[in-house]
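In: my questions concern the predicted model and sequence given below.
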Amino acid sequence: MKAIIDEKRGYDHGMFVPLKLMYPKADIPIIQLSLSSSLSPLLHIQIGEALRELRDEGVLIVGSGLSFHNMRAYGLPSIQGEKFDKWLQETLVSGDYESAKAKLLEWDKAPEARYAHPREEHLLPLHVCFGASTQSAEVVFDSIFMSAKVSAFLWR
C-alpha cells in the first residue's frame, strides 16, 4: 500500500484525546494513520491486516470512534442505535474472522446502520483494528451515552 507523510498535518482529536488519557506523560512514540478518502471498508480492513504483524512486536494499534455517531440523534428521549450496536457486538465477538469480515464489508446493510452512522468515518477505525487481529473482540464498554447505545471493543 502506498503511504505518504504529511508533516503539516497535526494530530486528529480521535487520536490525541484517547492517547492523552491513556499516556498523560506522552512518553510513547506514536504514528497517526489517516482514513482513506475512499471510505472503503475493504481497504481499511486490509490496512489492519497489513499492520497485524506489528502487534507481535509490541505495537499498540488504537482505533478511535464510536459504535454510534449520529450527531442529530444524540439527546433524543429514547435510546438510539440499539439494533446496530447489538449487530456490531454479535459480529465482532463471533470468533469467526471470515464471517465477521464479510459482515463488516457490508456493515451498511446491518439494522439501523445508516442511522447509527450517516457517514462511516467514525466507524472505519474499527475496521482497521478488526483487520489487525484474527481473534474475536471483547466488549469492554457497553453503555448509554447521551441517549445512544455505544460499545467499545478490544482485541488482545
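Out: Received, thanks.

In: how about the secondary structure of residue 152?
Out: The local conformation at residue 152, judged by DSSP: H, G, I helix; E, B strand; the rest coil, is strand.

In: run a quick neighbour tally on the residue lying closest to it once chain neighbours are set aside.
Out: Computed as CB to CB, 6 or more residues apart in numbering, the closest residue to residue 152 that is not its neighbour in sequence is residue 141, at 3.7 Å. Just so you know, the C-beta spots here come from the backbone N, C-alpha and C atoms, and that holds for glycine as well. Per other CB atoms under 10 Å, the neighbour tally for residue 141 reads 11.

In: what's the mean pLDDT across the helix ranked longest in the chain?
Out: As assigned by DSSP state H, the longest helix anywhere in the chain is helix 41-55. The pLDDT scores in helix 41-55 average 96.

In: now do that helix: distance to the chain's middle.
Out: The chain centre lies 12 Å from the centre of helix 41-55; the measure is CA atoms, centre = their mean, to the nearest Å.

In: which parts of that helix are buried?
Out: Across helix 41-55, burial judged by 16 or more other CB atoms under 10 Å covers 41, 43, 44, 45, 46, 47, 48, 49, 51.

In: in CSV, list the residues you listed along with distance to residue 2.
Out: Converted to CSV, the buried residues of helix 41-55 look like this (distance: CB to CB, whole Å):
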residue, distance to residue 2
41, 19
43, 12
44, 15
45, 17
46, 13
47, 12
48, 17
49, 16
51, 15
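
In: between these, which is nearest residue 29?
Out: Lowest distance from residue 29 to those (CB to CB) belongs to residue 51, with 15.2 Å.

In: before we move on, the earlier item: max pairwise distance over the buried residues of helix 41-55: which two?
Out: Taking CB to CB as the measure, these span a maximum distance of 16.0 Å, between 41 and 51.

In: C-alpha coordinates for the helix or strand of the chain with the lowest mean pLDDT, CSV please?
Out: Lowest on mean pLDDT, DSSP states H and E among the helices and strands of the chain sits helix 13-22, with a mean of 89. These are the backbone C-alpha positions of helix 13-22, laid out as CSV (Å, rounded to 0.1, in the frame of the first residue of the first chain):
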residue,chain,number,x,y,z
HIS,A,13,-8.7,14.6,18.1
GLY,A,14,-9.7,11.0,17.6
MET,A,15,-6.0,10.1,18.2
PHE,A,16,-4.9,12.8,20.5
VAL,A,17,-7.7,12.6,23.1
PRO,A,18,-7.6,8.8,23.8
LEU,A,19,-3.8,8.7,23.9
LYS,A,20,-3.7,11.8,26.2
LEU,A,21,-5.9,9.9,28.6
MET,A,22,-4.0,6.6,28.3
